[in-house]
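Visitor: Please work out how this folds:
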Amino acid sequence: MAKVEFRGKTYTDQDEIARIMKEVQIPFERWGVRKLDNEAVEGVLSTYSSDIDRLKNERDYVTQDVIALDPNTPDLPGILAKFSKEHHHTDDEVRFVVAGEGVFEINLSESERIKFTAEPGDLIVVPAWRRHLFYLTSQQKIRCIRLFKDKSGWEAHYPYAQIGSSEHQMHFS
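Guide: This is a model prediction of the structure:
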């Protein structure tokens, strides 16, 4: 079940987390953990198909997939490095955690951030254009259903990247 760190406090009560997430306008739901139809992608998607279809209808998503990261994932550090730096997307970042866990640190303003640890059964929607970063917990694994508004998916945009540079950091003049 989710955990939220916000304004110096840690929350684990799901009703309190739902209230806070609504207050900061970050959609959150508990779909719960279900016995999978089978472990393959098709089995994961069919197990949660009613929730996926409802969310697609409510928020205009058109496609979905399943992604998995674990210590055996080729170039896991390189993959994670892309998302552990502050970035945003032009589409919502939708994650339903099937297994494992991951942390989203989401900017609410220039000076305030909420830390959301997603665990199995949790759905979070990081709204389009909202700056955030993502990393895995010490488990170093996560399996998620992702939903998209565009069949091509989305890419990370780094707000502080210099043109022509692979460095993603803030630069002051």
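Visitor: When you work out contacts or count neighbours from here on, use the C-alpha atoms and nothing else.
Guide: OK.
Visitor: Give the buried residues for the helix or strand of the chain with the lowest mean pLDDT.
Guide: Least confident helix or strand, the chain: helix 76-83 with a mean of 90, by mean pLDDT, DSSP states H and E. For helix 76-83, a neighbour-count test (16 or more other CA atoms under 10 Å) marks 82-83 as buried.
Visitor: Make 26 the starting number, not 1.
Guide: With 26 as the first residue, the last one maps to helix 101-108.
Visitor: That helix - contacts with which helices or strands?
Guide: strand 157-161 (3 or more CA pairs under 8 Å, 6 or more residues apart in numbering; DSSP states H and E).
Visitor: and the next helix or strand after the strand it packs on, what other elements does it pack with?
Guide: Next helix or strand after strand 157-161 toward the C-terminus (DSSP states H and E): strand 167-173. Helices and strands touching strand 167-173, by 3+ CA pairs under 8 Å, 6+ apart, are strand 88-94, strand 118-125.
Visitor: most packed of these?
Guide: Across these, averaging neighbours per residue (mean count of other CA atoms under 10 Å) puts strand 118-125 on top, at a mean of 22.
Visitor: Alpha carbons only: can I get that one in CSV?
Guide: Taking Å, rounded to 0.1, in the frame of the first residue of the first chain, the C-alpha atoms of strand 118-125 are listed here in CSV:
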residue,chain,number,x,y,z
GLU,A,118,2.5,9.4,-16.6
VAL,A,119,0.1,6.7,-15.5
ARG,A,120,1.4,3.8,-13.4
PHE,A,121,-0.4,0.9,-11.8
VAL,A,122,2.0,-1.2,-9.8
VAL,A,123,1.5,-4.9,-10.2
ALA,A,124,4.6,-6.0,-8.3
GLY,A,125,7.6,-4.3,-6.7
